[in-house]
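>>> Next one to model:
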Amino acid sequence: MSHIIVLGGGPAGYVAASHAAAHGARVTLVDPKPLGGTCLNQGCVPTKVLVESCGLLEKIKRAESFGLQFSGSVAGNWAAINRRSASIIEMLGQGIERLMEDREVTLLRGYGELVDAHCVRVNDQVVRADHILICTGSTPQADPQFDIDGATIGTSDDLLAWESLPRSMLIVGSGIIACEFAFVLDSLGVDVTVLASGPRLMSHADKDISSVLQREMRKRGIKVQLNCRIQSLTHTEEGVSAYADDKIVGAAERALVAVGRRANTAGIGLEAAGIRTNEWREICVDDVLRTNVPHIYAAGDVNGRSGLAHAASAQAKLAIDHMLRREFSLLDDGAIPVAVFTNPEIGWVGRTEHAAVGDGLSVEIGKFDLRGLGRAHALDEISGMAKVVVDKHSGELIGLHVIGPHASEIVHEGALVIQRNGKANELFRTVHAHPTISEGILEAVEDAIGQATHKPMNRQRSANALQLI
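Sure, this is the predicted structure:
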């Protein structure tokens, strides 16, 4: 029986342990902290609890627009929301613990450090294994110029532990974490200013999606400063000041620094095992997540391929399957969907228009404004769009981008097509239920191939439609 040591109990680590044990391996899982990792304890889950509470709060405030009479006042209660979050985290964490018990996984509480290519030291014992999977995750980047103290200037981990919220907040960053917190804090009455170093929000998203997001932020009164590279954050009597180009560009009671995450590779013995890392100290892996040491693998944030929990879990299963010589399929990172829980939500999979054109592809673009959907009006959430990127020569769907209600849920039909190099006509020929938000995807595909139902027809596209259908 093969013995596998898994370092880290997050979305990569505990999934790997469960998968390996279910297929006959003896597994030792090492983690000093509650199982579930950052995702469960400081990331995906608690932030989504916040998002749902804020979404309900905003809907109650709009009760009259739904034809409902509402008397009395309603407000967010930060402490109560956090208590609910803690309860959910505890419940899910206990579920993971029971899963490990059911799989007969040996759980060692402590920090694991490689002492050579086969052995790991945990506390005062050394454990030997046939294979090792490193899933130590990542932590928020805390650059010295930001003077992070956790109380006035903090990371997302710090913010979730705060007992109260400030009246005003600077958010340094423009990625997923920064944008999600901007909407949450605004919903809870915080005066929010986003300081973005680049020319637009969420630079990895499609430009059209970024534009809608920025528009929605500004409609709500969230202040956005672009091309604002922060040199430093300084503590003041009133709170925090942000400096760029040697002048103050923002001030608030507190600041959230959300400028990315750093792989947790320090102090885990990579040098002792001879494992290579890149310039960012992320572990170098091949297509099956194997390091340069053949029996040692790395999955999740620690290898820098993706910062997504679901990608980490998929990587972990692939690594285990390869270790155990089971049948496996390589992962296509470009077919892994991204979900962003802003308001409105964002979901995308595949290439952006800009990336596709940059790669030299000729593309057809289809778009549909979600305000044309009955379901969007019923939800009173009409801001948003669906966009598809189609290879003009092959007809393949190479990108799907949605901003609007339920975007995180409906984007997966695009992932199903893209991961198998399928054509856009697969979505065109799929009957979509009415009235739903997913109809927006169908309408965008129809637009791309010149067969639009609910928008003016593009005659030139219509002439070329047969080759895409």
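
>>> only C-alpha atoms for contact and neighbour calcs from this point on.
Fine.

>>> now the helix or strand hosting Leu442: mean pLDDT?
Applying DSSP states H and E as the criterion places Leu442 in helix 439-448. The pLDDT scores in helix 439-448 average 97.

>>> and that helix, how far out from the chain's middle?
25 Å (CA atoms, centre = their mean, to the nearest Å).

>>> contacting residues around that helix?
364-370, 373, 385-390, 402, 424-425, 427-428, 432-433, 452-455, 457-458, 461 (CA atoms under 8 Å, 6 or more residues apart in numbering).

>>> Could you tell me which of the residues you listed count as buried?
Applying 16 or more other CA atoms under 10 Å to these, the neighbour count classes 364-370, 373, 385-390, 402, 424-425, 427-428, 432, 452, 461 as buried.

>>> which residues does the spatially most central residue of the chain contact?
Nearest to the geometric centre of the chain sits Leu308, at 4.9 Å (CA atoms, centre = their mean). Leu308 makes contact with 300-301, 338, according to CA under 8 Å, 6+ apart.

>>> export these to JSON lines and tack on pLDDT and secondary structure?
Below are the contacts of Leu308 laid out as JSON lines (pLDDT from 0 to 100; DSSP: H, G, I helix; E, B strand; the rest coil):
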{"residue": "Gly300", "pLDDT": "98", "secondary structure": "helix"}
{"residue": "Asp301", "pLDDT": "98", "secondary structure": "helix"}
{"residue": "Val338", "pLDDT": "98", "secondary structure": "strand"}
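
>>> Select from those the one having the most neighbours.
Tallying neighbours with other CA atoms under 10 Å puts Gly300 at the head of those, with 29 neighbours.

>>> my read: it touches Thr38, true?
No. Using CA atoms under 8 Å, Gly300 is not in contact with Thr38; the gap is 11.6 Å.

>>> Now do the shared contacts for these two.
Common neighbours of Gly300 and Thr38, using CA under 8 Å, 6+ apart, are Gly137.

>>> returning to that earlier point: now, the buried ones among the contacts of helix 439-448 that are in strands?
The strands, defined by DSSP state E, take in 364-369, 385-390, 402 from the buried ones among the contacts of helix 439-448.

>>> how is this structure carved up into domains?
Structural domains assigned to the chain are 3-139+262-331, 153-259, 335-463, following the TED database.

>>> quick one, which of those domains is nearest to Phe146?
Among the domains of the chain, the nearest to Phe146 by CA to CA is domain 153-259 (4.9 Å).

>>> Residue ranges in this structure under the pLDDT threshold?
By pLDDT under 70, the low-scoring segments of the chain are 457-469.

>>> So what's the gap between the lengthiest helix in it and the chain middle?
For the chain, the helix that runs over the most residues, judged by DSSP state H, is helix 78-102. Put simply, helix 78-102 sits 20 Å off its chain's centre (CA atoms, centre = their mean).

>>> Next secondary structure element downstream of it?
strand 106-108.

>>> Show me what that next one packs onto, helices and strands only.
strand 26-30 (3 or more CA pairs under 8 Å, 6 or more residues apart in numbering; DSSP states H and E).

>>> List of residues touching the strand it packs on?
Residues outside strand 26-30 that contact it (CA under 8 Å, 6+ apart) are 1-9, 13-14, 17, 20-21, 104-112, 122.

>>> Relative to that strand, what are the paired strands and their orientations?
strand 3-7 (parallel), strand 106-108 (parallel) (DSSP bridges).

>>> can you redo the domains of the chain as TSV with distance to Asp147?
Listed next are those as TSV, based on distance: least, CA to CA, whole Å:
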stretch	distance to Asp147
domain 3-139+262-331	16
domain 153-259	6
domain 335-463	27
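
>>> With respect to Ile275, which of the strands paired with strand 26-30 lies nearest?
strand 3-7 (14.5 Å).

>>> contacting residues around the helix or strand that comes right after the closest one?
Counting by DSSP H and E, the next helix or strand C-terminal to strand 3-7 is helix 13-22. Contacts with helix 13-22, where a contact means CA under 8 Å, 6+ apart, come from 4, 6-8, 26-29, 35-36, 96, 99-100, 103-105, 133-136, 299, 313, 316-317, 320-321.

>>> same check, this time on stretch 152-165
Under CA under 8 Å, 6+ apart, the answer for stretch 152-165 is 42-43, 46, 78-79, 82, 140, 142, 146-148, 150-151, 177, 190, 235, 239-240, 253-258.

>>> What subset of the residues you listed is buried?
42-43, 46, 78, 82, 140, 142, 146-148, 150, 177, 190, 235, 239-240, 253-258.

>>> need the contact list for His118.
128-132, 273.

>>> please redo it, this time with the cut-off set to 10 Å
5, 127-132, 273, 295-296 (CA atoms under 10 Å, 6 or more residues apart in numbering).

>>> can you tell me which of those are in helices?
Ala273.

>>> Which PyMOL command selects the buried ones in the contacts of His118?
Only the buried entries of the contacts of His118 go into this PyMOL selection, using 16+ other CA under 10 Å:
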select buried, resi 5+128+129+130+131+132+273+295+296
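
>>> For the stretch 101-250 of the chain, which segments count as strands?
Along the stretch 101-250 of the chain, the segments classed as strands by DSSP state E, counting those that start in this stretch run 106-108, 112-114, 119-122, 125-128, 131-134, 138-140, 153-154, 168-172, 191-195, 223-225, 232-235, 240-244, 247-252.

>>> Tell me which of the ones you listed is the most buried.
Among these, ranked by average contacts under mean count of other CA atoms under 10 Å, first place goes to strand 131-134 (a mean of 26).

>>> Could you list the paired strands of it along with their orientation?
strand 3-7 (parallel), strand 296-298 (parallel).

>>> Show me what the helix or strand following the last one is packed up against.
Sequence-wise, the next helix or strand beyond strand 296-298 is helix 309-323, with elements assigned using DSSP H and E. In terms of contact count using 3 or more CA pairs under 10 Å, 6 or more residues apart in numbering; DSSP states H and E, helix 309-323 is assigned the packing partners strand 3-7, helix 13-22, helix 37-41, strand 131-134, strand 296-298.
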